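Undergrad: predicted model, plus sequence, below.
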Amino acid sequence: MRDIGALREEGFVIHSEPGRGGGLQLDAQSIQTTARLSVSEVFALLVSVASMRAAGNLPFAHLADAGLAKIEKALPSDKVRDLRRLLDCLYVGQLSPLVDISDLAPIEPALLPVFETAFLGRRYLGFQYRDAKRAVTDRRVEPHAMLILPPLWYLVAWDPARQDFRYFRMDRISSPEIDEDATFQRRRVRFEDYVRPVRNLSR
C-alpha cells in the first residue's frame, strides 16, 4: 500500500477494483506523461503557449492546444484541480510599445514552483525587488495574479504596507520565500480592457 501511495504521489494513475477477481491496474497514459510532469511544469507549458498566442507568434496553435489537452487529460484529478486554480490566476495582454524593456533580464527559475505553492495555499510571499533605479527592497505581499505582457511577466499582488495592488516585474524578483504561518483572503483584481484571462482566450 505504501508503494501504491508513492506511485500515486508521483502522478501515476492506478485504478483499483475490490472483491474477488478485482485488483490494481496502472493507467498506461499516466506512464507516458503524468509521471514526468509536475503541476508547475504543465503550467509552464500552458503559459508559454498563452504568451506566444498573445504576442501573435504561434503558427501551430491548434497542435499545441491538442497536445496540452492530452497532457491535462492524463493528469490525476487533484493535479487537474491545482492546474485549473493556477490558470484562474493567469492573465495576458499586449505590452505598450512605449514601455522600456532595455533592461530585461532572465526570470529566476525558482519563482514558478514557489509561486505555485503561494497561489494554491494563499500564502504570503516574501522576496527582494529591484526597481527601475536598481534600488533593492524587501517586500511581503499577497500574490493574486500573474500578468503576461510579452516579453514582460508581472506578479500582481496586494501590498499590505501600501494598502494597494502593485505590479512587480518578475525578472526583478529574487530570493522568493513563502510565509508558512499566515494566509490571506482572495481579492478581486481589476485589469484594463485589453487584458484577458487565459481561460477566455479563443482557441
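TA: Everything's here; your move.

Undergrad: next SSE downstream of the top strand by length along the chain?
TA: Longest strand of the chain, by residue count under DSSP state E: strand 136-149. Scanning forward in sequence from strand 136-149 by DSSP states H and E, the next helix or strand is strand 152-159.

Undergrad: what's the spacing between whichever helix or strand comes after that next one and its chain's center?
TA: Toward the C-terminus, strand 152-159 is succeeded by strand 164-169 as the next helix or strand (DSSP H and E). In this view, strand 164-169 has its centroid 17 Å away from the chain centroid, taken as Cα atoms, centre = their mean, to the nearest Å.

Undergrad: what does stretch 88-107 give?
TA: Taking mean C-alpha positions (Cα atoms, centre = their mean), stretch 88-107 and its chain are 16 Å apart.

Undergrad: what about the strands in this structure?
TA: Under DSSP E, the chain gives strands at 14-17, 23-26, 90-92, 123-130, 136-149, 152-159, 164-169, 173-183, 196-197.

Undergrad: related to what we said a few turns ago, list the pairing partners of the longest strand of the chain within its sheet, with orientation.
TA: In the sheet, strand 136-149 lines up against strand 90-92 (parallel), strand 123-130 (antiparallel), strand 152-159 (antiparallel) (DSSP bridges).

Undergrad: contact partners for L147?
TA: Y91, V92, G93, W153, Y154, V156, Y167, F191, V195 (Cβ atoms under 8 Å, 6 or more residues apart in numbering). (Glycine included, C-beta is placed from N, CA and C.)

Undergrad: want to throw those residues into a markdown table with distance to L63 and neighbour count?
TA: Converted to a markdown table, those look like this (distance: Cβ to Cβ, whole Å; neighbours: other Cβ atoms under 10 Å):
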| residue | distance to L63 | neighbour count |
| --- | --- | --- |
| Y91 | 24 | 22 |
| V92 | 20 | 23 |
| G93 | 24 | 16 |
| W153 | 24 | 18 |
| Y154 | 29 | 19 |
| V156 | 31 | 20 |
| Y167 | 33 | 12 |
| F191 | 29 | 13 |
| V195 | 26 | 18 |
